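Participant: quick one: sequence and predicted model below, then my questions.
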Amino acid sequence: MRKAVVHAVEDVNLVLHRGTVTSVVGESGSGKSTLARMLARLIEPTAGQVLLDGKPAPAGGREYSRLVQLVLQDPFASLNPVHGMRYILGRPLKIHGMAEGVATDDAIKDLLRRVALTPAEQFIEKMPHELSGGQRQRVAIARALAVQPEVLLADEPVSMLDVSIRLGVLNLLADLRDREQLAILYVTHDIASARYLADTIAVMYAGRVVEAGPAVQLTDRPQHPYTQLLLSAAPDPDRAESPSLAGAGSPPSLVNPPSGCRFHPRCPFAMPKCAEQNPPAFQVGPGQTSACWLHEGHTPKTSSTVSATAVEERTTRSIRDTSEG
């Protein structure tokens, strides 16, 4: 019996620049978390390359593991419950020779201050069960910062946090981008938070990038029907009517994906060609591309879409910046 081959990520080219946040947006099963794990070298790609500073990154390379750090989704599972903050933050410092002896405590306190866990003298003595979800995620970020990385991969870092504290963690990531010039990959299913935080957005569907470009430009003028669908479906407490753009069905199985454009079974603008050939990425704006046959040789067909400004307003209303104490 032949084993089914699943290509969870296919033909994805992504460049992460220092001092910028790149967000990968998509539904569950779109391949965005698999992509983050490939960049962390937890999963080896079957084709293509992972480059760091333009050079191939060897699997299991110690220096690569130091320079590229991953922050996972679940802050309650990512910290060992039997160890305190001194051990959790001190261990990477020791392993990579960042600090020794008395200097270790000073380095740990500095890490805690960098992620706004103050007074550091109190937090260094705490156990994981004494921290809130948001505080645990800040510790996970501090642990990643301990080894002086150049790239931070944040896989749904706020999705399991209380709505009232999400904005604080997003603002921390923005501060790290600006202050420490990190290249940050922000993986999320929430296109509104991606617009709030990211400099550029790549929208994934069924393992492929369907649209990419500057965050504000892409959400103000989405060109791919799937991006339009995501924006139209964004929660809006002020909207009484149904979303203006409808897309029937569910994402396809990657065991047996549809031919051609993988979105065509759900697309309200699908043409016969969409089922036959996978579209290339067409240039649809400055730095913006869309993999859709609607853009071939003529002005893209448009539909009534949600204003991304309204999406941003809803985001800042729904994720208030609340102090955790």
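Facilitator: Happy to help now that I have it. Bear in mind that the values here come from a model prediction, so they are computed numbers and not experimental data.
Participant: which strands border the host helix or strand of Leu153, and is each parallel or antiparallel?
Facilitator: Secondary-structure assignment from DSSP states H and E places Leu153 in strand 151-155. Partner strands and pairing direction for strand 151-155 (DSSP bridges) are strand 68-71 (parallel), strand 183-188 (parallel).
Participant: tell me which of those sits most buried.
Facilitator: Using mean count of other CB atoms under 10 Å, the stretch among the strands paired with strand 151-155 with the largest mean neighbour count is strand 183-188, at a mean of 24. Any C-beta I mention is one placed from the backbone N, CA and C, and that applies to glycine too.
Participant: so what touches it?
Facilitator: The contact list for strand 183-188, computed with CB atoms under 8 Å, 6 or more residues apart in numbering, reads 14, 16-25, 32-33, 35-36, 39, 150-159, 173, 176-177, 194, 197-198.
Participant: mind listing the strands for the stretch 51-200 of the chain?
Facilitator: 51-52, 55-56, 68-71, 151-155, 183-188, 200-205 (DSSP state E, counting those that start in this stretch).
Participant: neighbouring strands - and their directions - for the second one?
Facilitator: It stands for strand 55-56. Based on DSSP bridges, the pairing partners of strand 55-56 within the sheet are strand 51-52 (antiparallel).
Participant: gap between stretch 51-61 and the chain center?
Facilitator: Between the mean C-alpha point of stretch 51-61 and the mean C-alpha point of its chain there is a distance of 21 Å (CA atoms, centre = their mean, to the nearest Å).
Participant: how long is it end to end?
Facilitator: From its first residue to its last, stretch 51-61 covers 12 Å (CA to CA, to the nearest Å).
Participant: residue closest to the middle of this structure?
Facilitator: Nearest to the geometric centre of the chain sits Val187, at 1.3 Å (CA atoms, centre = their mean).
Participant: CSV for the strands paired with strand 151-155, including distance to Ile124?
Facilitator: CSV is the format used below for the strands paired with strand 151-155 (distance: least, CB to CB, whole Å):
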stretch, distance to Ile124
strand 68-71, 20
strand 183-188, 26
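Participant: nearest to Thr104 among these would be which one?
Facilitator: strand 68-71 (19.0 Å; CB to CB).
Participant: what are the contacting residues of that closest one?
Facilitator: The set of residues external to strand 68-71 that reach it, using CB under 8 Å, 6+ apart, is 36-37, 39-42, 52, 57, 78, 137, 140-141, 144-145, 147, 149-155, 157.
Participant: mind giving me the PyMOL select for those, buried ones only?
Facilitator: Selecting the buried subset of those in PyMOL, with 16 or more other CB atoms under 10 Å as the burial test, is done by:
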select buried, resi 36+37+39+40+41+52+57+78+137+140+141+144+145+147+149+150+151+152+153+154+155+157
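Participant: secondary structure element for Ser289?
Facilitator: Check again: residue 289 is Thr, not Ser. Thr289 is part of strand 288-290 when elements are defined by DSSP H and E.
Participant: count the neighbours of the closest residue to Asp162 other than its chain neighbours for me.
Facilitator: Spatially, and ignoring its direct neighbours in sequence, Asp162 is nearest to Gly133 (6.6 Å; CB to CB, 6 or more residues apart in numbering). The burial metric for Gly133, expressed as a neighbour count using other CB atoms under 10 Å, is 17.
Participant: identify the single longest helix in this protein, thanks.
Facilitator: Selection of the longest helix in the chain by residue count, based on DSSP state H, yields helix 163-180.
Participant: taking strand 151-155 as reference, get the angle to that helix.
Facilitator: Using axes from the mean of the first three to the mean of the last three CA atoms, to 10 degrees, the inter-axis angle of helix 163-180 relative to strand 151-155 is 170 degrees.
Participant: helix 163-180 packs against which elements?
Facilitator: With contacts defined as 3 or more CB pairs under 8 Å, 6 or more residues apart in numbering; DSSP states H and E, the secondary structure elements packing on helix 163-180 are strand 20-25, helix 133-145, strand 151-155, strand 183-188, helix 191-197.
Participant: that one: which residues count as buried?
Facilitator: Neighbour-count burial for helix 163-180 flags Ile165, Arg166, Leu167, Gly168, Val169, Leu170, Leu172, Leu173, Ala174, Leu176, Arg177, Glu180 (criterion: 16+ other CB under 10 Å).
Participant: ok, back up a step: can you give the contact residues for the strand holding Thr289?
Facilitator: 210-214, 217-218, 221, 223-224, 227, 281-284, 300.
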